[in-house]
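**Student:** could you work out the structure for the sequence below:
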Amino acid sequence: MTHHASGGRFVASVLLAALVAGAAVMLVTGGIASGSSSTAQYEYGHPVPTASPTISGTAAVGQTLTTTNGTWTSDSNISLYSYAWARCDTSGNSCATIGATGSSYTLTADDQGHTIRSYVTATNGAGTTQAGSAPTAVVAAATKGGQIDASKVALPNRLIIDKVSYSANPIRARQTPTTMKIHVSDSNANSVGNALVYVLGVPYSRIGTIPEVRTDATGWATLQLQPAKAFPRTGYLTLFVRARVDGQDLLGGTSTRRLVQVTIAAPNGT
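**Tutor:** Okay, here's the model as predicted:
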């Protein structure tokens, strides 16, 4: 009898393991495919959701969406959150994963006309549970010709140095600085505020050091060109101009670079 009892327990354990494995597969594959806002079931000891993740941000191409983690019971003891994003139909159904795995996602042209959901997977010592957000509004086309903050510019959107002006052209003054104004926009023709702009004379000994400055809300940065000892009598001054977003990779990300020139004429004594 003892032998049969242990055998029964073994078979029951195998069946339980198979059921648990099946439930886990249904949880992962069904959670996104169905468009459900959260998983309908979770295993004993796994994290327990109490509120679904929520998405903030504007549903328009080029804008960045950010998801919360949702809320979970205090005894879930979550050690890790991971993220997925899905593109759905206009009703938030028939969702397909996008491939983005961060807590933020920048909308692309492929998202236009769709809704977006975020999926957060919480992990503890017992396993994982997935919870999904409600769908966003239908993603609109990119806004154009407006004003945005540099923090909203993310790939594939890029910064563009589209306008440069000088208080004097040609430059004749040698004692007083010439004001240089630089306008920064993005790929959607929006003026970009809070972009960091840096200017360097080429060769660098022709003008004084210019600190990096921020664009105002209308996208304009104002700098002063102070002639140095090597400033030529006539000809041209070549300037290296860079615009970047604070916190992004200096060489990559959405940053941009451009060479510009201003004419130099004989000094006028100022």
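**Student:** by mean pLDDT, flag the weakest helix or strand of the protein.
**Tutor:** helix 2-33 (a mean of 35; mean pLDDT, DSSP states H and E).
**Student:** next helix or strand past that one?
**Tutor:** With elements assigned by DSSP states H and E, the helix or strand that comes after helix 2-33 is strand 49-51.
**Student:** show me what that following strand is packed up against.
**Tutor:** Where contact means 3 or more CB pairs under 8 Å, 6 or more residues apart in numbering; DSSP states H and E, strand 49-51 is packed against strand 71-72. (C-beta placed from N, C-alpha, C; glycine too.)
**Student:** look up how far residue 104 lies from residue 57.
**Tutor:** Look at residue 57 and residue 104: by CB to CB, to the nearest Å, they are 8 Å apart.
**Student:** distance check, the residue nearest the centre of the chain against residue 107.
**Tutor:** Nearest to the geometric centre of the chain sits residue 154, at 4.4 Å (CA atoms, centre = their mean). With the distance defined as CB to CB, residue 154 ends up 10 Å from residue 107.
**Student:** what of residue 66?
**Tutor:** Distance, residue 66 to residue 107, using CB to CB: 12 Å.
**Student:** those two - which one has more neighbours?
**Tutor:** Comparing residue 66 with residue 107 by neighbour count (other CB atoms under 10 Å), the higher total belongs to residue 107, at 27 against 13.
**Student:** quick one: pLDDT of that one?
**Tutor:** Turning to residue 107, the model gives it a pLDDT of 90.
**Student:** quick check, it in contact with residue 85.
**Tutor:** No - Residue 107 is beyond contact range of residue 85, at 9.8 Å (criterion: CB atoms under 8 Å).
**Student:** quick check: neighbours shared by these two?
**Tutor:** Counting by CB atoms under 8 Å, 6 or more residues apart in numbering, the contacts common to residue 107 and residue 85 are 65, 116.
**Student:** show me the strands in the stretch 51-200 of the chain, by range?
**Tutor:** Here the stretch 51-200 of the chain has its strands, by DSSP state E, counting those that start in this stretch, at 55-56, 64-67, 71-72, 80-88, 96-97, 104-106, 115-124, 127-132, 147-149, 159-166, 178-186, 191-193, 196-202.
**Student:** and residue 235, what is it in contact with?
**Tutor:** By CB under 8 Å, 6+ apart, the residues touching residue 235 are 263, 264.
**Student:** ok, so what distance separates the closest residue to residue 50 other than its chain neighbours from residue 48?
**Tutor:** With CB to CB, 6 or more residues apart in numbering as the criterion, residue 50 has its nearest non-adjacent residue at 4.9 Å, and that residue is residue 71. Distance, residue 71 to residue 48, using CB to CB: 10 Å.
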